[in-house]
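> Task: produce atomic coordinates for the following.
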Amino acid sequence: MMGDADGHRSPEMDRRSFLRGAAMFGSGAAIGAVATGCASSSGGSGADHGSPTEQKDGGPPDWQALAGSLSGALLRPGDTGYQTAAQLYNALITPGPAAIAQCNSTSDVQRCLAFARHHDVDVAVRAGGHSYGGYSSGPGLVVDVARMNGTEGSTATNQASVADGGVVRVGAGAKLIDVYSALATQGLLLPGGSCPTVGIAGLALGGGIGVFARAFGLTCDQTAAVDIVTADAVQRRCSAGQAEDLYWACRGGGGGNFGVVTSFDFRVHPIPAAITLFTLEWPWEAAAAAFDAWVRWIPSTPDQLWANCQLYSSGNTGGGLVKVTGVFVGAVAECAATLAPLTSAVGTATTYRFVGPEEYMNATMIEAGCEGKPVAQCATPVRSPFRTKSSYLNGPLPAQGVSAIVSALSTLPSTVPGAGGGVVFDAYGGKINEVGASETAFVHRNAVACAQYSITFPTPTPSESTKATATAWLDNLHRVFAPVTQGSYQNYIDPTLSDWPQAYYGTNLWRLRQVKQKYDPDDVFHFAQSIPPA
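Below you'll find the model as predicted:
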């Protein structure tokens, strides 16, 4: 590969190590489709299985009866495979649900919801299991749609199919890396996140920021239609012409709030003819200057550029890493010219620089931290123990604010020895901010960047005192940012956040509560930070 540097370093590898020890947030020759059925249906396919009634207070749950009614599998504590199936992405969380339904079809989902209502069993919805707070599990029944990643009822590993008008159908259980790989064979791109094992459902329902977001928009902005089973076990088709209120809520209202999504229709884009990756690094002494310069520079850049700024406290006293990485939809020369004002404003020479061309799928694997690996290996989750918080920046910070941030970051090595962490600022603007705050449920449309504060533990079982100290460090970092930031990203869900309804949803909260009241008045889809009915 040619570029304006001697070597090529994966820009996302260090970011992912920073965020979770390996990352923060199947393949096939053809791409399958997920059947949608009618606009709404209470029966679905496979009616010969029968279905529990929706009457509540049906006595103790008869798990054997539920298992017999499903075309998928039902795992209970002690069953082979239960422990693996119960695991979540965040290794600090050790859930123990009463049962996990590995659904093969919409009918399986409907039977699970009817069963849960009949026996008054708590329900949690899971696709990729990446909920930072562990909300994709719970004490009752986990409705897992991971198998629903191809043609309904099959276990095929193909995830998406091209339909008319540049739209693809994607099963809700598909992993991001599989979607990207499948679409790439047809020259197509769906903007989304970088973590390869994230489920498409959680990403799209909560927003979906990624390296092509400024050029094409958030993942939720590509959503043309959603198939969802609501609390009454009815399958509904939601789009601009059907169940428009629920369609609106499913574009940024967060996963697990309104029902169990079984598939999406997404608008897709041709893969750009030229893609450039870039990485710039500075010594820790330049942290304040680099961050300040980045925040002032990013709003002026063209939509085809996406970048993040990473301030990483490595765990070595007095040390750290300052890095800007990103993707440019265009040629190397144009990208280099766009970067020039940033490097000039920092005023300190870079310790590492790479700006070079890359083929789309290679770039995607690099951003996923999977350079040189087969897609199947990249699709295997790697669990990590971490805690995070987030907020949004709407503009440059005062000098004293920048200094306070760098100072707070520098305390991590002595506060939590051996742990790594810091802040990643993901650029917003471009096509993201061209959408009005009320056009979709995703309200954060005026931000310059989203800041994600993270700490990763050196062991999956840190002591309670270590976790408490780390949480205190994160809280302090969050407080330092509080005067100059607002809100929080719902896909970086934060169990410690007290004002989470306003932070996640802002002026869209009341409308979301009204949608919840209409489709889930009994609050069947309930967890610690679920949207309450109006």
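
> among the helices and strands of the chain, which one scores worst on average pLDDT?
Ranked by mean pLDDT, DSSP states H and E, the weakest helix or strand in the chain is strand 40-41, scoring a mean of 31.

> Now do the same contact list for residue 91.
By Cβ atoms under 8 Å, 6 or more residues apart in numbering, the residues touching residue 91 are 383, 384, 385, 386, 460. Just so you know, the C-beta spots here come from the backbone N, C-alpha and C atoms, and that holds for glycine as well.

> how near is it to residue 199?
Distance from residue 91 to residue 199, counting by Cβ to Cβ, to the nearest Å: 18 Å.

> Would you list the buried entries among the contacts of residue 91?
Among the contacts of residue 91, those classed as buried by 16 or more other Cβ atoms under 10 Å are 383, 384, 385, 386.

> what stretches of this protein score poorly on pLDDT?
1-58, 150-165, 314-319 (pLDDT under 70).

> Centre-most residue in it?
Centroid check for the chain by Cα atoms, centre = their mean gives residue 203 as the closest residue, at 3.9 Å.

> any idea how far that residue is from residue 193?
With Cβ to Cβ as the criterion, residue 203 and residue 193 are 5 Å apart.

> Touching, residue 423 and residue 474? I think so.
No - Residue 423 is beyond contact range of residue 474, at 10.3 Å (criterion: Cβ atoms under 8 Å).

> Look up the residues that both of those two are in contact with.
In contact with both residue 423 and residue 474: residue 453, using Cβ under 8 Å, 6+ apart.

> Just give the closest residue to residue 361, not the sequence neighbours.
residue 184 (4.7 Å; Cβ to Cβ, 6 or more residues apart in numbering).

> neighbours around residue 417, how many?
Residue 417 has 12 neighbours, counted by other Cβ atoms under 10 Å.

> Number the residues from 14 up from this point.
Fine by me, first position is 14 from now on; the one you just mentioned is residue 430.

> For the longest helix along the chain, buried residues please.
In the chain, with assignment by DSSP state H, the single longest helix is helix 477-494. The neighbour-count check on helix 477-494 (16+ other Cβ under 10 Å) flags 479, 480, 482, 483, 486, 487, 490, 491, 493, 494 as buried.

> following the strand or helix carrying residue 352, which helix or strand shows up next?
Per DSSP states H and E, residue 352 falls inside helix 345-359. Next helix or strand after helix 345-359 toward the C-terminus (DSSP H and E): strand 365-370.

> Show me which parts of that following strand are buried, residue by residue.
366, 367, 368, 369, 370.

> Turn these into JSON lines, columns for distance to residue 148.
As requested, the buried residues of strand 365-370 are exported to JSON lines (distance: Cβ to Cβ, whole Å):
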{"residue": "366", "distance to residue 148": "41"}
{"residue": "367", "distance to residue 148": "38"}
{"residue": "368", "distance to residue 148": "40"}
{"residue": "369", "distance to residue 148": "40"}
{"residue": "370", "distance to residue 148": "40"}
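
> Just name the closest of those residues to residue 461, please.
residue 368 (22.8 Å; Cβ to Cβ).

> what's the helix or strand containing residue 113 packed up against?
According to DSSP H and E, residue 113 maps onto strand 112-115. In terms of contacts (3 or more Cβ pairs under 8 Å, 6 or more residues apart in numbering; DSSP states H and E), strand 112-115 is packed against helix 76-82, strand 86-88, helix 95-99, strand 154-157.

> ok now the longest one, how far from the chain's centre?
Here the centre of helix 76-82 is set off from its chain's centre by 32 Å, with Cα atoms, centre = their mean, to the nearest Å.

> Restricting to C-alpha, output it in CSV.
The C-alpha atoms that make up helix 76-82 are tabulated as CSV, following Å, rounded to 0.1, in the frame of the first residue of the first chain:
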residue,chain,number,x,y,z
TRP,A,76,-40.9,-24.0,30.5
GLN,A,77,-41.2,-27.4,28.9
ALA,A,78,-44.4,-26.4,27.2
LEU,A,79,-42.7,-23.3,25.8
ALA,A,80,-39.8,-25.3,24.6
GLY,A,81,-42.1,-27.7,22.8
SER,A,82,-43.8,-24.8,21.0
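
> how about that helix: buried residues?
Buried-residue list, helix 76-82, by 16+ other Cβ under 10 Å: 76, 79, 80, 82.

> Contacts only, for the second one.
It refers to residue 79. Counted by Cβ under 8 Å, 6+ apart, residue 79 has contacts 65, 87, 112, 114, 124, 125, 128.

> Closest one of those to residue 344?
residue 114 (49.4 Å).

> Skip the chain neighbours and tell me the closest residue to that closest one.
residue 125 (4.8 Å).

> following the helix or strand harbouring the one you found, which helix or strand shows up next?
Using DSSP H and E, residue 125 sits in helix 119-132. Using DSSP H and E, the helix or strand that follows helix 119-132 towards the C-terminus is strand 136-139.

> Pull the number of nearby residues for the residue lying closest to residue 461 once chain neighbours are set aside.
Spatial nearest neighbour of residue 461, excluding adjacent residues (Cβ to Cβ, 6+ apart): residue 406 at 5.1 Å. Counted with other Cβ under 10 Å, residues neighbouring residue 406 total 19.

> Quickly note the distance from residue 406 to residue 459.
As judged by Cβ to Cβ, residue 406 and residue 459 stand 11 Å apart.

> What segments of the stretch 314-463 of the chain are helices?
345-359, 373-380, 388-391, 412-423, 425-428, 444-447 (DSSP state H, counting those that start in this stretch).

> name the helices or strands packed onto the last one?
Contact partners of helix 444-447 among helices and strands, from 3+ Cβ pairs under 8 Å, 6+ apart: helix 226-229.

> Alpha carbons of the helix it packs on, as CSV, please.
What follows is helix 226-229, C-alpha atoms only, in CSV (Å, rounded to 0.1, in the frame of the first residue of the first chain):
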residue,chain,number,x,y,z
ALA,A,226,-21.8,8.6,9.3
ARG,A,227,-20.8,12.1,8.3
ALA,A,228,-20.9,11.1,4.7
PHE,A,229,-24.2,9.1,4.7
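
> any idea how far that helix is from the chain center?
16 Å.

> State the next helix or strand along the chain beyond that helix.
strand 236-242.

> quick one on the thing from earlier: quick check, distance from the following helix or strand past the longest helix of the chain to the centre of its chain.
As assigned by DSSP H and E, the chain's next helix or strand after helix 477-494 is strand 498-499. Mean-position distance between strand 498-499 and its chain equals 20 Å (Cα atoms, centre = their mean).

> what comes into contact with strand 498-499?
In contact with strand 498-499 (Cβ under 8 Å, 6+ apart) are residues 404, 405, 406, 407, 464, 516.

> Would you show me how to pick out the buried ones of the residues you listed in PyMOL?
Selection of buried members from the contacts of strand 498-499 for PyMOL, criterion 16+ other Cβ under 10 Å:
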select buried, resi 404+405+406+464+516
